[in-house]
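Visitor: need a structure here:
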Amino acid sequence: MRLKKITLNNIRSYEHQEIEFPEGSSLLSGDIGSGKTSILLGVEFALFGLQPGQRGSSLLRNGTREGGVVIELDIDEKKIKIERTLKKGKTVSQDYCGITINGEKKEISVVELKNQVLELLNYPKEFSKKQNILYKFTVYTPQEEMKQIILQDPKTRINTLRHVFGIDKYKKILENTLTIILKMREEKRRKEGATESLEQDKSNLVLKESDLETRHSNLSSIEKDFFSKTELRKKIQEEKMEVSQKREEKIRLQQEIEKTRIMIANKNETTSSNTRIVEQLKNQIEELQGMKFDESKILQLEQEIILRKKDREKSDNHNLDISSNISSINSRIEELKKLEQKISNLEICPTCLQNVDAIYRANVLNKSHSDIAENNRKLGDLEQEKKEISERVMKINNNISLIEKQIQELNILKIKYQGIHEKQTRLEEMERLNVALKKDIEFLNKHCETLKNSVFELSKFDAIYDIKQKELEEALKQERLSEIKVAELRREIDVFSKQVEELKERIKRTEEVKERLNYLIELENWLTTKFIPLISFIEKNVMIKLKVEFSKLFEEWFCMLVSDSFNIRLSDDFTPIIELQDYELDYSYLSGGERTAIALAYRFSLNKVINSLLSKIKTKDVVILDEPTDGFSDQQLDKMRDVLQQLDVKQLIIVSHEQKMEGFVENVIKCRKENGISFIEE
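Guide: Residues are numbered from 1 along each chain as shown. From the prediction side, this is the model:
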């Protein structure tokens, strides 16, 4: 990995600043509080986001609501750009996350971005849900944090180093193995309890199979008895069926007798009815033959009706003329009355516009009165004449009605007279029908007697049917009892068969459990006696190897930084042990420069060991040192040039306020702070 450029927006003391990181060694110089460490915190935030326990307010500039970091870097010839923003709500939290790889940009979640960064850096997956401790111990560790690990209690320190070295997996394996052994022992106890009844189940199985075989043998003899009783029942049932058919034949004949009797009764009734009709027809024929009918009388009466209708039509026309005259006279009278009213009120003539003379007006009115009186007289005469005509028309209508009634009576008489031939024909048919009916009645009576004889012959089967019914009921009873025995025995066989199968299945499962139990016993023994000792041995040897390498590197780096005749080594828990002239010195009694030298040597040794263990991580060519010379003497500062050359990394970034350090690096980035705002000097 190579850092190229970072852009800070409202991050700590920076408002907006772009910083480019050249290849080789670079120094972030400036006074204390000028914003040097803020750049390193921005790099860490851009790569990994907020860490557990880290508050967003520690990064967002005071008084602002939004901020962010954009970092550009190269990893394996891939051009990568990472963007993260902070937003202030109730708390300051991460907002937007995006990553651009070779120009292809995508917006992803905080977790997805962290996982992708770890993948690009080729960090082990087990670090995805933890703090970015691998980055801190290989790339950037604030000097005070490295001193803190030296001052930690041994147990905490060794656990931290186990995690960093990636060998805490051995401890985890041992813990998981012990957990598995406990679970296996618990499962063993359960399975031992489950297999206690195995031998008893096998004995029960032998007994059940013996009982089942006995019942199968009994079933064969009972089924034979059931078959014979079924055959007997079928035979009796067939005999009963034959008798039943005879009884049904008797019932059918009895029904036939009843139908024949009904037919005889119906034919007798029909004969009686026909005889009455014959008598009626004879009387009607005699009565009609005594009547006299003159058809010319009908023609005479019809001619008379025609004449009277013509007379009525003439009277109706005259009546219409009178009504028309009455209407005309009434109209004339109305006109005269209107004229009188108009003349009575007329003062000036509307035609000549002269005054109307009173004498003239009186003459006109007298003439009008005379005309009205004359018209009223005519009207009275016409009304009287109309009344007389109406009475005459009514009389004509009455005469017409009487004549029409006479014609109707004559027509009825004509129809009756014409029906004599039909009645004679019907009379002959009725007499022939009665003769045929008498023959049918005689035949049916003979048939009825024959049927009665047949019924008498079949009556004996009633008693036989009752006997067969009782025999069948007894046979059914015996068959049912035998069937119940068969069914009960079959049920017992089914129950015993199921019990046998259940026992076999239970024995099979128990034997499988026993096999599993034997496997668990063997596995527990192997884990306890072989696997756990092996893992402990591997872990111990790995730790010894790491400790030897770590101690050697630690001694080399420390000797490069401190010229005094100190003897320094690491204890088994990786605690630095400092000796001077065979006396062990406490870390707290060392000078500030010596403590810094120990922390720096510890950091360089840790970096080398981790990079050798995890040779494929992409951050091994980048080292960031934060105030590595705190408390150093001038002599120690001079030695830093050799130390930096020995690091042999492609990109080295140092944070220091020591002016002398500017001569040890290839590039210098100067930080200043004015009015609370940090910036980079050009």
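Visitor: only C-alpha atoms from now on, for both contacts and neighbour counts.
Guide: Noted.
Visitor: tell me how the chain divides into domains.
Guide: 2-152+562-680, 296-407 (automatic domain parsing).
Visitor: pull up the distance across the first one, start to finish.
Guide: Distance across domain 2-152+562-680, first residue to last, is 21 Å (CA to CA, to the nearest Å).
Visitor: identify the single longest helix in this structure, thanks.
Guide: Using DSSP state H to define each element, the chain has its longest helix at helix 198-289.
Visitor: show me what that helix is packed against.
Guide: helix 358-418, helix 420-458, helix 461-526 (3 or more CA pairs under 8 Å, 6 or more residues apart in numbering; DSSP states H and E).
Visitor: pLDDT averaged over it, what's the number?
Guide: The average pLDDT within helix 198-289 is 79.
Visitor: related to what we said a few turns ago, nearest to residue 60, of the helices and strands packed on helix 198-289?
Guide: Among the helices and strands packed on helix 198-289, helix 461-526 comes nearest to residue 60, with 55.6 Å by CA to CA.
Visitor: now for the residue positioned nearest the centre of the chain: which residues touch it?
Guide: Closest residue to the average C-alpha location of the chain: residue 109 at 30.9 Å, with CA atoms, centre = their mean. Shown in contact with residue 109 (CA atoms under 8 Å, 6 or more residues apart in numbering): 96-97.
Visitor: start to end distance for stretch 558-574?
Guide: End to end - CA to CA - stretch 558-574 spans 15 Å.
Visitor: model confidence over that stretch, on average?
Guide: Stretch 558-574 comes out at a mean pLDDT of 81.
Visitor: could you number the chain from 20 rather than 1 from now on?
Guide: All right, first residue 20 from here; so that's stretch 577-593.
Visitor: what residues of it count as buried?
Guide: Buried residues in stretch 577-593, counting neighbours by 16 or more other CA atoms under 10 Å, are found at 577-581, 585-589, 592-593.
Visitor: ditto for stretch 640-655
Guide: Buried residues in stretch 640-655, defined by neighbour count with 16+ other CA under 10 Å: 640-651, 655.
Visitor: what's the helix or strand for residue 690?
Guide: Under the criterion of DSSP states H and E, residue 690 resides in strand 686-693.
Visitor: what's the answer for residue 35, then?
Guide: Per DSSP H and E: strand 33-39 holds residue 35.
Visitor: give me the contact list for that strand.
Guide: With contact meaning CA under 8 Å, 6+ apart, strand 33-39 is reached by 23-29, 54, 80, 696-699.
Visitor: among the buried residues of stretch 577-593, name the ones in strands.
Guide: In strands, defined here by DSSP state E, the members of these are 585-589.
Visitor: that older thread, and the angle for the longest helix of the chain with helix 377-437?
Guide: Helix 217-308 and helix 377-437 are oriented at 100 degrees to each other (axes from the mean of the first three to the mean of the last three CA atoms, to 10 degrees).
Visitor: any idea which helix or strand comes after helix 217-308?
Guide: helix 315-363.
Visitor: does anything pack onto that next one? Which helices or strands?
Guide: For helix 315-363, the packing partners by 3+ CA pairs under 8 Å, 6+ apart come out as helix 377-437.
Visitor: could you give the mean pLDDT of the helix it packs on?
Guide: 79.
Visitor: then stretch 606-624?
Guide: For stretch 606-624, the mean per-residue pLDDT is 82.
Visitor: any chance you could list what contacts that stretch?
Guide: The contact list for stretch 606-624, computed with CA under 8 Å, 6+ apart, reads 156, 162, 165-166, 169, 569-570, 572-574, 576-577, 580-581, 597, 647-652, 655.
Visitor: from the residues you listed, which land in strands?
Guide: Among the contacts of stretch 606-624, the subset assigned to strands under DSSP E consists of residue 597.
Visitor: show me where the stretch 20-169 of the chain has its strands.
Guide: Here the stretch 20-169 of the chain has its strands, by DSSP state E, counting those that start in this stretch, at 21-30, 33-39, 43-48, 85-94, 97-107, 111-120, 123-126, 159-161.
Visitor: closest to residue 189 out of these?
Guide: strand 159-161 (26.2 Å).
Visitor: list the neighbouring strands of that closest one plus their orientation.
Guide: Sheet pairing here is set by DSSP bridges, and for strand 159-161 it gives strand 641-645 (parallel).
Visitor: now the partner strand - C-alpha only, PDB.
Guide: Extracted in PDB, the C-alpha atoms of strand 641-645 (Å, rounded to 0.1, in the frame of the first residue of the first chain):
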ATOM      1  CA  VAL A 641       4.200   1.700   5.300                       C
ATOM      2  CA  VAL A 642       5.200   2.900   8.700                       C
ATOM      3  CA  ILE A 643       3.900   6.000  10.600                       C
ATOM      4  CA  LEU A 644       5.800   7.200  13.700                       C
ATOM      5  CA  ASP A 645       4.100   9.600  16.100                       C
END
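Visitor: what angle do it and strand 21-30 make?
Guide: Following the same axes, to 10 degrees, one obtains 40 degrees for the angle between strand 641-645 and strand 21-30.
Visitor: before we move on, back to that, I'd like the helices and strands packed on helix 217-308 as CSV, with distance to residue 321 appended.
Guide: Putting those into CSV (distance: least, CA to CA, whole Å) gives the following:
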stretch, distance to residue 321
helix 377-437, 8
helix 439-477, 26
helix 480-545, 82
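Visitor: and residue 278, how many neighbours?
Guide: Applying other CA atoms under 10 Å, we find 13 residues neighbouring residue 278.
Visitor: which residues are in contact with stretch 71-88?
Guide: So stretch 71-88 is contacted by 25-34, 61, 64-65, 69, 102-108, 110-113, 150 (CA under 8 Å, 6+ apart).
Visitor: could you turn the buried ones of those into a PyMOL selection?
Guide: Of these, the buried ones can be selected in PyMOL as follows, counting by 16+ other CA under 10 Å:
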select buried, resi 25+26+27+28+29+30+31+32+33+34+61+64+65+69+102+103+104+105+106+107+111+112+113
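Visitor: how many neighbours does residue 391 have?
Guide: Residue 391 - counted by other CA under 10 Å - has 20 other residues nearby.
Visitor: how near is residue 404 to residue 348?
Guide: Per CA to CA, residue 404 is found 15 Å from residue 348.
Visitor: ok, these two, which is more surrounded?
Guide: Comparing residue 404 with residue 348 by other CA under 10 Å, the one with more neighbours is residue 348, at 17 against 13.
Visitor: give me the neighbour count for the nearest residue to that one once chain neighbours are set aside.
Guide: Closest residue in space to residue 348, ignoring its immediate chain neighbours: residue 394 at 6.2 Å, by CA to CA, 6 or more residues apart in numbering. Residue 394 sits with 17 neighbouring residues when counted by other CA under 10 Å.
Visitor: contacting residues around residue 394?
Guide: So residue 394 contacts 348, 351-352 (CA under 8 Å, 6+ apart).
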